[in-house]
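In: Take this sequence and fold it.
(one chain, ligands or ions: 1)
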Amino acid sequence: MNNHKKILIMAGGTGGHIFPALAIAKELKKHQCQVEWLGSKKGMENTIVPKNKLPLHTVNAVGLRGKNIISLIKAPFQLALATAQVIQVFIKTKPDIALGMGGFASGIGGVIAWIFRVPLFIHEQNAVPGTTNKLLSKLATQTLQAFDGAFDVSVQALSVGNPVAFKVSNSHTNNKKLNLLIVGGSLGSKPINEVVTQLNIPINIWHQTGQLHFDQVQSQYGKKSAKVAAFIDDMAKAYAWADVVLCRAGAMTISELMLSATPSILIPLPHAIDNHQFYNAKILADNNAGILIEQKHLTIQTLEKILLSLDKEKLESMSNHTLALAKPNAARDIVERLLDI
Ligand SMILES: CC(=O)N[C@H]1[C@@H](OP(=O)(O)OP(=O)(O)OC[C@H]2O[C@@H](n3ccc(=O)[nH]c3=O)[C@H](O)[C@@H]2O)O[C@H](CO)[C@@H](O)[C@@H]1O
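Out: Numbering: from 1, shown residues only. Predicted coordinates for the structure are as follows:
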């Protein structure tokens, strides 16, 4: 393999784009590659990337959220500024390869890579590709997908899985009471928090609330015993502790459940773009590896009934079905592709 290449990773926004990109960066380092990172000025990349000692270049994101008249007038100027900033990063870093993993900067970055004739790889983490990746798949040297069938066959995407940065420990505990881990994605989930804090059955709970909702969840539990955390740093340990995980269906969560052979109850985020979380969750549900409940059907009665039905045999069967879907060499396979051009 040709080493010492310079790779520009373009990824930002939430953990769902950043953590798999980080796993690839770590794998690239093993091949003595130089890694540069392109992200936007807001977003989790600003804390996670420097913490991992990788050089981060940031551009101003275009804020179209409010869609009021002022932001619409400002948008073309912001886009022009961000494009100029991305061009500057390409000129400064002179990458041999660009890898788009999602988020604002990866959209503009993908187009600039194509204009500069830098080989462009894109990776889609979800079962349904985002608009940016759909467009970039027309320009990319190679499109990579985590799950089979995410892209149309004409794209000729390669299924590689989602790279997971941590070492999985498969040692689920042998406890008397069910160990329920609750995770709402990297930012936590208020609707999930509100239902699970009402659980009144004999189980052990470890609950990740999200930074914003920590105090409220603690007070909602009141005197009930539950381990509550705003964010869990060591997710491998949390999955190993859990008999079952109740969670959103973000792409990385799905891949981590597969790798750690953890049964799940999945509540997809209802307003996710193109309903991609529903289709992520469906991969596990269709394979008897997870139980899918749409948020509109999530009630405390339904949840308690499902939890009480999870005996050892059922959990073991779900665990085996989950593991069968795992792609444990995703980072290695992606890096092999990147360095093979
Ligand atoms: C709200 C939203 O738009 N979510 C999207 C976002 O997911 P989001 O980043 O919320 O969720 P994911 O499930 O993909 O990834 C979360 C990551 O954060 C880690 N984690 C989480 C909680 C915690 O306490 N500690 C911790 O380390 C998980 O282990 C995982 O690696 O990007 C994903 C990938 O494009 C999409 O599938 C999701 O739909």
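
In: where in the stretch 151-300 of the chain is pLDDT low?
Out: Along the stretch 151-300 of the chain, segments meeting pLDDT under 70 span 170-173.

In: Nearest to the ligand within it, name that residue for me.
Out: Closest residue of the stretch 151-300 of the chain to the ligand, CB to the nearest ligand atom: G250 (2.2 Å). (Each C-beta comes from the backbone N, C-alpha and C, glycine too.)

In: so that residue makes contact with G185?
Out: Yes. Here G250 reaches G185: they are 4.7 Å apart, a contact under CB atoms under 8 Å.

In: Tell me which stretches of this structure form strands.
Out: Using DSSP state E, the strands of the chain run over 6-11, 34-40, 56-59, 97-102, 120-124, 142-145, 158-159, 179-183, 204-208, 227-229, 244-247, 264-266, 290-292.

In: Which of the ones you listed sits closest to I273?
Out: strand 97-102 (11.2 Å; CB to CB).

In: Which strand residues bridge K227?
Out: Per DSSP bridges, the residues bridged to K227 are W206.

In: same thing with V59?
Out: So, taking DSSP bridges as the rule, V59 has S40 as bridge partners.

In: doesn't K41 make contact with it?
Out: Yes. Counting by CB under 8 Å, V59 does reach K41; the two are 7.0 Å apart.

In: which of these two has more neighbours?
Out: It is V59, of V59 and K41, that has more neighbours when counted by other CB atoms under 10 Å, with 24 against 15.

In: Next one: the more buried one from L38, what distance?
Out: The gap separating V59 from L38 is 7 Å, by CB to CB, to the nearest Å.

In: Residues in contact with both of the two, list them for me.
Out: Counting by CB atoms under 8 Å, 6 or more residues apart in numbering, the contacts common to V59 and L38 are V86, V89, A105.

In: I'd like those residues as a markdown table, with distance to L139 and pLDDT appended.
Out: As requested, those are exported to a markdown table (distance: CB to CB, whole Å; pLDDT from 0 to 100):
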| residue | distance to L139 | pLDDT |
| --- | --- | --- |
| V86 | 15 | 98 |
| V89 | 18 | 98 |
| A105 | 16 | 91 |
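
In: Highest neighbour count among those residues?
Out: A105 (30 neighbours).

In: returning to what we had before: need the residues touching each of G250 and G185.
Out: T14, G15, G16, L269.

In: Surely the third one touches N162?
Out: No. Counting by CB under 8 Å, G16 does not reach N162; the two are 9.0 Å apart.
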